[in-house]
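**Q** 3D model of this:
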Amino acid sequence: MRVRFGCTFATHQHALQMNFLRKLHTAYGFVVFTLLFILLFPFFLIPIFFKSQFQLTGILNRWWARFLFPLVFLPYEVECRTKLDPRKQYIFCPNHASYLDIAVMGFNPINTIFVGKSEVEKVPLFGFMYRRLHITVDRSKLKSKFNSLKRSLKAIDEGKSLVIFPEGGIMTKHPPHMTDFKVGAFRVAIEKQIPIVPVTIPYNWIILPDRPMILHRRKIKLIFHEPIETEGLQPSDSDSLKEQAYKIIDTELKKHEMSWNPQSPKGDFSLANSM
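**A** Numbers count the residues shown, from 1 in each chain. A predicted model of the protein is given here:
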């Protein structure tokens, strides 16, 4: 009994220490993120006031990501399954289970703007930048969803590429399982006849879970799949295009399942329900 009590106490102490260190790491990461934004903010003013310089938004996001993750001691790997043409436009559709996903998409080799939740506008200074460079949407309001669709179509006409999280936000209750995709991104892609690029982010739900939002150190991975061409597709093909993108990402997530929980059977996301 004494041995068991001693082991239990030591395990408890170790868990407390690890929890403290993770909280410290999280606070440090937030400070670094904020300081980098403040340093880059004057440069974000260029595309804000000079609309023709919109490509600078993607360049600045890339530099932000390249400085952020080494400084917060998070290694990363970006895998492009095919070379993306910087002269073409794309709509990128990543899975979304962590607030870290937005920062990680800064590694996108193509300069893009985001279509994201309007709640971001409330963040001091950051919200000012976000609502002027990106497209925000309040999904609880039909008018806002319609306006974001119109703005997305206009952005394509202006030569921009988009990042749209097709789940509509962090909606899943059991990551890495995804919720059903919304059809908006796929309708825009078909109407403008530009490719969809599925993107798999397999580990961010572990590195920075939605609740509690505490950093866990491990390697970030970002996978850009081959583009799905939409040339010749009709609006009636939106659902099948949506399902095709969903299947690509879901299949990739399942490939990484064994690294989340080596004890679970293949295809069983049991770790998701135990965290």
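**Q** helix, strand or coil: sort out His177 for me.
**A** Counting by DSSP: H, G, I helix; E, B strand; the rest coil, the backbone at His177 sits in coil.
**Q** just give the number of residues close to it.
**A** Residues lying near His177 (other CB atoms under 10 Å) number 15. Where C-beta positions appear, they are placed from N, C-alpha and C, glycine not excepted.
**Q** need phi/psi at it.
**A** Dihedral pair for His177: phi -60, psi 130, per degrees, to the nearest 10.
**Q** I'd like to know how far it sits from Lys254.
**A** 10 Å (CB to CB, to the nearest Å).
**Q** report how many residues lie close to Arg87.
**A** 6.
**Q** over to the one 3 residues further on?
**A** Counted by other CB under 10 Å, the residues lying close to Tyr90 total 21.
**Q** Ile194 is in contact with that one, correct?
**A** Yes - using CB atoms under 8 Å, Tyr90 is in contact with Ile194, at 6.3 Å.
**Q** centroid residue for the protein?
**A** By CA atoms, centre = their mean, the chain has its centre lying nearest to Asp101, at 2.7 Å.
**Q** in a helix, it, correct?
**A** Yes - applying three-state DSSP, one finds Asp101 inside a helix.
**Q** how near is Gln234 to Ser240?
**A** Taking CB to CB, one finds Gln234 at 10 Å from Ser240.
**Q** please disregard the earlier target; I meant Ile228.
**A** 11 Å.
**Q** what's the longest helix along the chain packed up against?
**A** Of all segments of type helix in the chain, defined using DSSP state H, the longest is helix 2-49. Helices and strands touching helix 2-49, by 3 or more CB pairs under 8 Å, 6 or more residues apart in numbering; DSSP states H and E, are helix 55-71, helix 126-133.
**Q** got those as TSV, with mean pLDDT columns?
**A** Shown next, in TSV, are those (pLDDT from 0 to 100):
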stretch	mean pLDDT
helix 55-71	98
helix 126-133	96
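**Q** of those, which is nearest Ser161?
**A** Ser161 lies closest to helix 55-71 among the helices and strands packed on helix 2-49, at 7.9 Å (CB to CB).
**Q** mind listing what's buried in the closest one?
**A** Neighbour counts over helix 55-71 (16 or more other CB atoms under 10 Å) mark 55-58, 60-62, 64-65, 67-69 as buried.
**Q** try stretch 203-215
**A** Buried, per 16+ other CB under 10 Å, within stretch 203-215: 203-209, 215.
**Q** quick one: residues in contact with whichever strand or helix holds Phe146.
**A** According to DSSP states H and E, Phe146 maps onto helix 142-157. Helix 142-157 is contacted from outside by 89, 113, 115, 118, 135-139, 162, 164, 184, 187-188, 191-192, 194, using CB atoms under 8 Å, 6 or more residues apart in numbering.
**Q** next one: the following helix or strand past that helix to chain centre, how far?
**A** Using DSSP H and E, the helix or strand that follows helix 142-157 in sequence is strand 161-164. Offset of strand 161-164 from its chain centre (CA atoms, centre = their mean, to the nearest Å): 11 Å.
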